[in-house]
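> what follows is a predicted structure for the sequence shown.
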Amino acid sequence: MKHKPHRSAGKSPVKSGSAGRADTAEALCDAALRLLRAGQLTKAEETCRRALTLDAASIDALQAMGRVCVALKRFDDAIEWFARAIRQDVSVPDSFIGLAQALRLAGRLDEAIKAYDRALQLRPDAVESWDALSELLQLTGRHAEAALACDRLLQLAPDRAPTWFRLGESLEAEGRRDEAALAFEQVLKLQPDHVDAANKAGAVHFDAGRYVEAIAQFDQSLRQQPDQAGVLCLKGISLRRLRRYDEAQPFGQRAHALAPHDPDIANSYGCILQNLGRHDEAITVFEKAIAIRPQTADFHNHRGTSLAELHRFDEAFASFDRAIALRPDFADAHWNAALFRLLAGDFARGWAAREWGRQCRAVGFVERSFDVPMWLGDDPLEGRTILLHSDEGLGDTIQFARYATMVAARGARVVLEVDAVLQPLLSGVDGVAQCLARGVDAVPAIDIHCPLSSLPLAFATRLDTIPAAPAYLPRPPDARRALWQQRLGPRDRLRVGLVWSGNPAHLNDHNRSMPLAMLAPLLDLDAQFVSLQKGIRPADQTVLAARGDILDLTADIRDFVDTAALIDDLDLVITVDTSVAHLAGAMGRPTWIMLPYTPDYRWLLDRDDSPWYPSLRLFRQDARRDYGDVVARVRAALKPRVAVFATTVTR
């Protein structure tokens with residue numbers, strides 16, 4: 001751009017005798033720029049020098065010389081020429097723009113930013129300068145400033161997709177993920193085929209745990225480029241984390257096929273197969289990942305889990321040990337090894353390693369901090385007040401509440417803190433001086449504390465020392481029992497409580513729960529079946545509504561004391577592995593639990609009884625992992641009990 005008013009800044013106006021010389025300098029400057037555009041750089045430089053010989057103060061000629069030097073990659077020379085132009089007149093923005101460009105090419109980025117700042121002070125609506133400034137700010141890691149520059153540019157030119165993209169990257173770098181996602185999505189509104197924006201938006205949603213939104217963006221990207229292994233992998237992981245394992249499998253498989261030498265993609269696919277129960281295949285894929293990158297502890301940990309699910313425990317423990325050797329503080333590997341050691345009956349090593357679960361994000365321990373020491377069995381308790389606080393699920397709390405009695409027997413005053421829904425039920429456990437509802441009741445002064453799930457470790461519990469009283473929960477109040485007896489009506493048939501599914505949020509729910517329809521073979525027996533199922537899923541609700549042979553009074557259950565009062569008037573409870581199993585067992589009521597092939601650690605292996613609850617009988621899946629076979633065995637065991645009860649009633 002020419003600046004004729006500034007052609008000879010600092011000199012007196014030309015007189016008639018010099019007018020020809022000025023016009024000639026202008027013409028030479030124009031010619032130099034034409035030569036520059038034509039790529040004739042040597043001639044362009046010679047022409048600029050002739051122009052400057054005629055008018056050394058010509059800003060246009062100084063700028064032209066600076067541009068020629070940039071083209072010749074003589075950046076230091078270019079910087080000096082633009083600086084001379086600025087010294088002639090500090091109010092010309094193009095001089096600062098040229099200087100900024102030369103500084104950037106010379107690698108002097110901070111100085112280039114300052115030059116753009118000055119140019120934009122002189123010309124605030126210069127779109128290309130805002131664009132260059134925002135790019136430089138991003139390159140130098142000044143992401144907050146880059147975002148502000150992008151925002152200013154978008155006020156001037158709101159439909160610039162590249163600027164929206166840069167804004168998204170800058171916001172993402174600042175940790176402003178929600179805003180970043182909106183910026184990337186704006187790119188896609190302007191340019192729907194922008195693969196990078198779709199992938200970026202998907203990745204932001206993925207990192208934020210918004211997997212449904214992530215999948216939508218990955219789909220948009222994959223429509224443009226279907227064979228992106230990384231994107232297919234991320235979509236598979238997203239579906240897996242939504243527990244849509246069947247849908248995840250083909251995406252994980254396709255990603256692995258496209259990138260067979262990528263160990264992370266192989267590992268992700270193996271995890272999907274693991275969730276589908278296809279452990280033999282999962283092991284093969286994990287071993288491929290290990291062969292490519294044997295020093296990655298996660299791969300050995302995942303392989304160990306699938307080996308354990310196949311009951312190949314020696315190999316599994318070797319795999320966990322390898323993971324821990326590679327990463328000694330690998331909490332997930334310690335935790336997994338602990339659970340399977342406990343399942344195999346190795347309590348000596350299992351309880352101690354289980355404490356690693358407190359460092360595992362996915363485990364979900366309720367961690368509390370107190371200003372008093374944690375007790376793990378070594379210190380004397382005589383005359384001290386100890387807080388025992390629940391730190392896992394409702395079933396775990398019921399199971400480990402039995403230890404309160406043992407703690408009290410050592411001379412401690414026991415304060416028990418549990419979920420509010422369990423507080424009325426557990427208040428009467430022998431040895432509990434005070435029972436608090438967590439988050440509701442204030443914790444009194446205490447001398448020491450212990451999480452409930454650490455008590456088996458504190459007491460060095462072994463198989464032969466499990467405190468297994470026939471019943472350790474107090475019987476429900478007479479008034480509650482009478483109310484439920486009235487609701488149940490005359491006792492003319494064997495009363496059987498049913499629970500077929502647990503909390504859907506449980507990580508192992510897809511293995512431990514079953515649909516209500518699977519219990520149909522039981523229902524033709526002449527018993528009074530009573531639903532104990534809370535939180536009935538829509539498909540099960542439809543089945544339940546269509547049957548008249550299951551009495552459903554769960555709408556009247558207000559808390560666990562109500563559930564206990566109802567169980568107290570049943571002859572048998574048949575359940576999957578839920579808190580009801582623990583409740584019925586802790587009450588000493590006859591209870592049959594239907595278990596997956598690899599159950600929770602507390603049910604051990606290869607036995608049909610429980611050392612934790614004498615009144616329990618266990619019905620296990622075999623290696624086929626088929627609940628249909630389990631239900632058939634439950635029916636075969638239930639049928640004679642129904643007949644015996646009918647004979648007793650008839651007499």
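Looks like it came in fine. Numbering: from 1, shown residues only.

> from here on, contacts and neighbour counts on C-alpha atoms
Fine.

> ranges for the strands of the stretch 451-600 of the chain?
Using DSSP state E, counting those that start in this stretch, the strands of the stretch 451-600 of the chain run over 495-499, 528-531, 550-552, 572-576, 591-595.

> quick one: the shortest one to chain centroid distance?
Right, strand 550-552. Its chain's C-alpha centre and that of strand 550-552 lie 38 Å apart, by C-alpha atoms, centre = their mean, to the nearest Å.

> hmm, back to that, in a markdown table, list the strands of the stretch 451-600 of the chain along with mean pLDDT.
Formatted as a markdown table, the strands of the stretch 451-600 of the chain follow (pLDDT from 0 to 100):
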| stretch | mean pLDDT |
| --- | --- |
| strand 495-499 | 97 |
| strand 528-531 | 96 |
| strand 550-552 | 93 |
| strand 572-576 | 98 |
| strand 591-595 | 98 |
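
> of all the ones you listed, which one comes closest to Pro456?
Among these, strand 591-595 comes nearest to Pro456, with 22.6 Å by C-alpha to C-alpha.

> for that closest one, list the C-alpha coordinates in CSV.
Taking C-alpha atoms only, strand 591-595 is exported to CSV below (Å, rounded to 0.1, in the frame of the first residue of the first chain):
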residue,chain,number,x,y,z
THR,A,591,-31.3,-67.1,51.1
TRP,A,592,-30.3,-68.4,47.7
ILE,A,593,-27.9,-66.3,45.6
MET,A,594,-27.5,-66.7,41.9
LEU,A,595,-23.9,-65.9,41.0
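
> tell me the angle that strand makes with strand 495-499.
Between strand 591-595 and strand 495-499, the angle comes out at 30 degrees (axes from the mean of the first three to the mean of the last three C-alpha atoms, to 10 degrees).

> so for Tyr211, which of the strands of the stretch 451-600 of the chain sits nearest?
It's strand 572-576; of the strands of the stretch 451-600 of the chain, that one is closest to Tyr211 (C-alpha to C-alpha) at 29.6 Å.

> and that closest one, what does it pack onto?
Helices and strands touching strand 572-576, by 3 or more C-alpha pairs under 8 Å, 6 or more residues apart in numbering; DSSP states H and E, are strand 495-499, helix 579-586, strand 591-595.

> 7 Å instead?
The contact analysis (3 or more C-alpha pairs under 7 Å, 6 or more residues apart in numbering; DSSP states H and E) places strand 572-576 against strand 495-499, strand 591-595.

> contact partners of it?
With contact meaning C-alpha atoms under 7 Å, 6 or more residues apart in numbering, strand 572-576 is reached by 495-501, 512-513, 581, 590-595.

> what about 10 Å?
494-502, 512-514, 529-533, 567, 580-581, 584-585, 589-596, 616-619, 634, 638, 641 (C-alpha atoms under 10 Å, 6 or more residues apart in numbering).

> out of the residues you listed, which end up buried?
By neighbour count, with 16 or more other C-alpha atoms under 10 Å, the contacts of strand 572-576 hold 494-502, 512-514, 529-533, 567, 580-581, 584-585, 589-596, 616-619, 634, 638 as buried.

> how about Arg327, nearest residue that isn't a chain neighbour?
Once flanking residues are discounted, Arg327 sits nearest to Ala297: 6.4 Å by C-alpha to C-alpha, 6 or more residues apart in numbering.

> before we move on, the earlier item: with distance to Cys360 added, can I get the strands of the stretch 451-600 of the chain in CSV?
Listed next are those as CSV, based on distance: least, C-alpha to C-alpha, whole Å:
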stretch, distance to Cys360
strand 495-499, 30
strand 528-531, 35
strand 550-552, 38
strand 572-576, 26
strand 591-595, 25
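
> what is the subsequent helix or strand relative to the helix-or-strand element of the chain with minimal mean pLDDT?
Here the helix or strand of the chain ranked lowest by mean pLDDT, DSSP states H and E is helix 19-37, holding a mean of 78. Counting by DSSP states H and E, the next helix or strand C-terminal to helix 19-37 is helix 41-54.

> any idea of the angle the helix or strand following that following helix forms with helix 19-37?
Where DSSP H and E defines the elements, the next helix or strand beyond helix 41-54 is helix 59-71. Interaxial angle, helix 59-71 versus helix 19-37 (the same axes, to 10 degrees): 20 degrees.

> between helix 41-54 and helix 59-71, find me the angle.
150 degrees.

> just the CA trace of stretch 359-374, in PDB.
The C-alpha trace of stretch 359-374 is given here as PDB (Å, rounded to 0.1, in the frame of the first residue of the first chain):
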ATOM      1  CA  GLN A 359      -6.300 -44.800  45.000                       C
ATOM      2  CA  CYS A 360      -8.300 -46.200  42.100                       C
ATOM      3  CA  ARG A 361     -10.600 -43.600  40.500                       C
ATOM      4  CA  ALA A 362     -13.000 -46.200  39.200                       C
ATOM      5  CA  VAL A 363     -13.500 -48.100  42.400                       C
ATOM      6  CA  GLY A 364     -15.600 -45.500  44.100                       C
ATOM      7  CA  PHE A 365     -14.500 -45.600  47.800                       C
ATOM      8  CA  VAL A 366     -16.000 -42.900  49.900                       C
ATOM      9  CA  GLU A 367     -12.800 -41.300  51.300                       C
ATOM     10  CA  ARG A 368     -12.900 -39.300  54.500                       C
ATOM     11  CA  SER A 369     -10.200 -37.400  56.300                       C
ATOM     12  CA  PHE A 370     -10.100 -36.900  60.100                       C
ATOM     13  CA  ASP A 371      -7.700 -35.200  62.500                       C
ATOM     14  CA  VAL A 372      -7.200 -38.500  64.300                       C
ATOM     15  CA  PRO A 373      -5.100 -41.600  63.500                       C
ATOM     16  CA  MET A 374      -6.500 -44.500  61.400                       C
END
